[in-house]
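S.K.: Task: produce atomic coordinates for the following.
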Amino acid sequence: MSNDKPIIELELFIIRHGQSNGNIKRNTDGLSHEDLHDPRLTELGKNQAVACGERFKNVEFDAIYSSALLRAVETATEIIKKQPNEKCLKVLPYLTEAGVSPEYSHSSFTEINKINKNAYLAEGIDPKKSLFYYNKTSDESDLFERAEKALDYIRTHQQEGEKIAIVSHAAFITYLVFSLMGYKEACPLFDLDFKNTGVTKVTIYKKGTNKFGDIVFEFINDTSHLFKGDF
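M.R.: Numbers count the residues shown, from 1 in each chain. Model prediction:
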């Protein structure tokens, strides 16, 4: 172990989107294909996203990523609105929720830019491919592989010491977090049950510089920014 001062590689703030219409029991009769496959935030979900943005108003992120699913874009946009300086939103397909149907293909950057005019496809991602990631198989190893790709992408496209916000979805965040914990092929026998706008902070240190380990969880699934009525 090095005696040097710990060197922070990245600080990751992994955030679940606010409550969406897909999170509440509802009658699906008459709902459009889009509403069923890519539900938007509820009024409560919008309030949660605003509160999450308020939480980070004094934390300047160096980059903010989200999936292309509109509930994540909406949540990330509320966080961006409260940032000290103007920020763009980087849309990263790897962050798509687990289990999205291949039949779903309606959203485009036209719709995303209606929510956030400064959203763009993350650098180096092929614009000819889908904005969404579909599971190749029902095997968990496929999701762990995608989680590793997402984390590798962010680590290689950001600079040392930066603070990064990642807005994604409950099931896929589970795979991100378990990957960071060292699980690579199957989930352990417990569930973290990520809440709407729950925040998980992970500090990644340059290898060997921190006596407590290279990956340190500061907190998991924290919702202290929400009022009781916002759950």
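
S.K.: low-scoring pLDDT stretches of this protein, where are they?
M.R.: For the chain, the stretches with pLDDT under 70 are 1-3, 25-36, 105-106, 136-137, 228-231.

S.K.: For it, which segments are assigned as strands?
M.R.: Along the chain, counting by DSSP state E, strands occupy 8-16, 63-66, 89-91, 119-121, 162-168, 199-205, 215-222.

S.K.: how about those strands in a markdown table, adding distance to Pro102 and mean neighbour count?
M.R.: In short, each C-beta sits where N, CA and C put it, glycine included. As requested, those are exported to a markdown table (distance: least, C-beta to C-beta, whole Å; neighbours: other C-beta atoms under 10 Å):
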| stretch | distance to Pro102 | mean neighbour count |
| --- | --- | --- |
| strand 8-16 | 24 | 23 |
| strand 63-66 | 21 | 25 |
| strand 89-91 | 19 | 24 |
| strand 119-121 | 20 | 18 |
| strand 162-168 | 19 | 24 |
| strand 199-205 | 29 | 20 |
| strand 215-222 | 30 | 15 |
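
S.K.: okay if I get those as TSV plus distance to Lys82?
M.R.: Output for the strands of the chain, formatted as TSV (distance: least, C-beta to C-beta, whole Å):
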stretch	distance to Lys82
strand 8-16	13
strand 63-66	11
strand 89-91	14
strand 119-121	16
strand 162-168	11
strand 199-205	14
strand 215-222	17
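
S.K.: out of those strands, which comes closest to Ile24?
M.R.: strand 8-16 (15.1 Å; C-beta to C-beta).

S.K.: That closest one to strand 162-168, inter-axis angle?
M.R.: Put simply, strand 8-16 runs at 20 degrees to strand 162-168, going by axes from the mean of the first three to the mean of the last three C-alpha atoms, to 10 degrees.

S.K.: so how far is strand 8-16 off the chain centroid?
M.R.: 10 Å (C-alpha atoms, centre = their mean, to the nearest Å).

S.K.: Right, I'll leave it there.
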